[in-house]
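Novice: need a 3D model of the sequence below.
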Amino acid sequence: MSFDPILLLGGSGAIGRQTVRALRATYPDVPLLIGGRELAKAQKAAAEIGCAQGVAIDAAAEDLGLGEQKVSAVVVLYKDHSLAALRFAQSRGVPHLSISSGVFEIAPEIARFMNAPDAAAIVLGYEWLVGATTVPALHLARSFSQVHDIRIGALVDEQDVGGPAVAADFEHLSHLMPRALTRRDGDYIWREGDEMKAVFSALDGSEIAATGFSSIDVVGLASATGARNVQFDLGMGISSSRRKGGAFSTEILIELAGLDPSGQTLHSRHAVVHPGGAAPLTGMGIALLLERLVGLDGKPPVAPGLYFPYQVLDASHYLTRLAEEGGQVINL
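Specialist: A predicted model of the protein is given here:
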């Protein structure tokens, strides 16, 4: 089966290259358009990737400067303040996935969807590492009859710096997001001041100083499970693998508390680990989303709608792919 190219805006960066790597691992012949403001840079990246074309993007143009070029999906790997790519995707009736907005600034995208709900699928890919928290957490929540509390601790190794686009996104979010969206006793609150400070244990038991982070994971997990307490904390330091003398990795600590099927108290603690760091895990999530959005796997593409990543991704398939990449979900 042949497909129109997938347009990757910002595809020449670190996350873009990891997305291509993950996508091509299963679909080596899928055509790609690597879009950027600088044509030469996009063309160079496309040549290195293979089976790809570099194109210059004009965000001021309704067609992004692509003319009649057909695409099967649009992926935005940087903060698109103008929503030019979303408008383009809706006008072409193709799925749209972006990964860089904060939970506090998604109203423009929701408004676009509400005014054209039947145009195509739109995925708000702002979950931490694009599904790496929510997919395992909701899979683990199946052991509970009721989930009362969810606490997430994401550890980024200080050597896992990513590319310039990642740095720009974090600077943007840090500047505009001084408080942390949290669910406490059934209410959504914004932690601030000393309440932003937190500590969680890494995979090896080391205590990690962390700060509350307004990840959209909070509202997704609260809505999906009914948990009355959901908290997300982000820490930067030395990952457990590097503390043991190896290379850095990325860690996500997931704690769930509630009741088991018999009504007894149940508490679990797991770690999601990827040996390559944050970028490969992010790229894997994007690739698996594209597989479903476009229908690369031969199944019907995702219907028009507004989605969290975990609503598109199949947990069993995700966890199998994670294991194939050397990642793990470890019971602590």
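
Novice: so where do the helices sit in the stretch 151-300 of the chain?
Specialist: 164-176, 217-225, 240-243, 278-294 (DSSP state H, counting those that start in this stretch).

Novice: in the shortest one, what's buried?
Specialist: Buried residues in helix 240-243, counting neighbours by 16 or more other CB atoms under 10 Å, are found at Ser240, Ser241, Arg242. Placement of C-beta: from N, CA and C, glycine included.

Novice: now do the same contact list for Arg179.
Specialist: Trp190, Arg191, Glu192, Met196, Gly212, Ser214 (CB atoms under 8 Å, 6 or more residues apart in numbering).

Novice: if I look at the residue lying closest to Leu259 once chain neighbours are set aside, how far off is Leu140?
Specialist: What sits nearest to Leu259 in space, not counting adjacent residues and going by CB to CB, 6 or more residues apart in numbering, is Gln146, at 4.5 Å. Separation of Gln146 from Leu140 (CB to CB, to the nearest Å) stands at 14 Å.

Novice: looking at those two now, which is surrounded by more residues?
Specialist: Leu140 (21 against 16; other CB atoms under 10 Å).

Novice: quick one: which helix or strand includes that one?
Specialist: Here Leu140 is covered by helix 134-140, with elements defined by DSSP states H and E.

Novice: which of the buried residues of helix 240-243 lies closest to Lys79?
Specialist: Arg242 (29.3 Å; CB to CB).

Novice: list the contacts of the closest residue to the closest one other than its chain neighbours.
Specialist: Distance criterion CB to CB, 6+ apart; nearest residue to Arg242, sequence neighbours excluded, is Phe248 at 4.6 Å. Neighbour list for Phe248: Asp157, Gln159, Asp160, Ile238, Ser239, Ser241, Arg242, Gly277 [criterion: CB under 8 Å, 6+ apart].

Novice: same question, Glu109
Specialist: So Glu109 contacts Leu83, Leu86, Ser98, Ser101, Ile122, Leu124 (CB under 8 Å, 6+ apart).

Novice: quick one: Gly298 and Phe3 touch, right?
Specialist: No. In this structure, Gly298 is not within contact of Phe3 by CB atoms under 8 Å, at 11.2 Å.

Novice: okay, the two: which has more neighbours?
Specialist: More crowded of Gly298 and Phe3, by other CB under 10 Å: Phe3, with 16 against 7.

Novice: tell me what the longest strand seen in the chain is packed against?
Specialist: For the chain, the strand reaching the highest residue count under DSSP state E is reported as strand 146-157. Judged by 3 or more CB pairs under 8 Å, 6 or more residues apart in numbering; DSSP states H and E, strand 146-157 is in contact with strand 197-201, strand 207-212, helix 217-225, strand 229-237, strand 250-259.

Novice: and that strand, how far from the chain's centre?
Specialist: 16 Å (CA atoms, centre = their mean, to the nearest Å).

Novice: next one: stretch 188-195
Specialist: The chain centroid and the centroid of stretch 188-195 are separated by 24 Å, computed with CA atoms, centre = their mean.

Novice: pLDDT (mean, whole number) over it?
Specialist: For stretch 188-195, mean pLDDT is 94.

Novice: hmm, who's touching it?
Specialist: Pro178, Arg179, Ala180, Leu181, Thr182, Arg183, Gly212, Ser214, Val219, Ala222.

Novice: quick one: buried ones out of those?
Specialist: Ala180, Leu181, Thr182, Arg183, Gly212, Ser214, Val219, Ala222.

Novice: do I have it right that the third one meets Val218?
Specialist: Spelled out, that is Thr182. Yes. With contact defined as CB under 8 Å, Thr182 reaches Val218; the gap is 6.5 Å.

Novice: what residues do those two have in common as contacts?
Specialist: Val230, Gln231, Phe232.

Novice: give me the beta-bridge partners of the last one?
Specialist: Spelled out, it's Phe232. Ile152 (DSSP bridges).

Novice: my read is that it contacts Val218, right?
Specialist: Yes. Phe232 lies in contact with Val218 (CB under 8 Å); the separation is 5.4 Å.

Novice: now do the shared contacts for those two.
Specialist: In contact with both Phe232 and Val218: Thr182, using CB under 8 Å, 6+ apart.

Novice: where does the prediction get shaky in this structure?
Specialist: 162-178 (pLDDT under 70).

Novice: how does it divide into domains?
Specialist: What automatic domain parsing lists as the domains of the chain is 6-128+280-320, 134-277.

Novice: pull up the distance across the longest one, start to finish.
Specialist: Put plainly, it is domain 6-128+280-320. Domain 6-128+280-320 stretches 24 Å from its first residue to its last (CA to CA, to the nearest Å).

Novice: same thing with stretch 195-204?
Specialist: By CA to CA, one end of stretch 195-204 lies 25 Å from the other end.

Novice: buried ones in it?
Specialist: Met196, Ala198, Phe200, Ser201, Ala202, Leu203.

Novice: re earlier: okay, angle between the longest strand of the chain and strand 250-259 too, please.
Specialist: 170 degrees (axes from the mean of the first three to the mean of the last three CA atoms, to 10 degrees).

Novice: got the buried residues of helix 240-243 as CSV, with distance to Gln264 columns?
Specialist: Shown next, in CSV, are those (distance: CB to CB, whole Å):
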residue, distance to Gln264
Ser240, 31
Ser241, 35
Arg242, 38
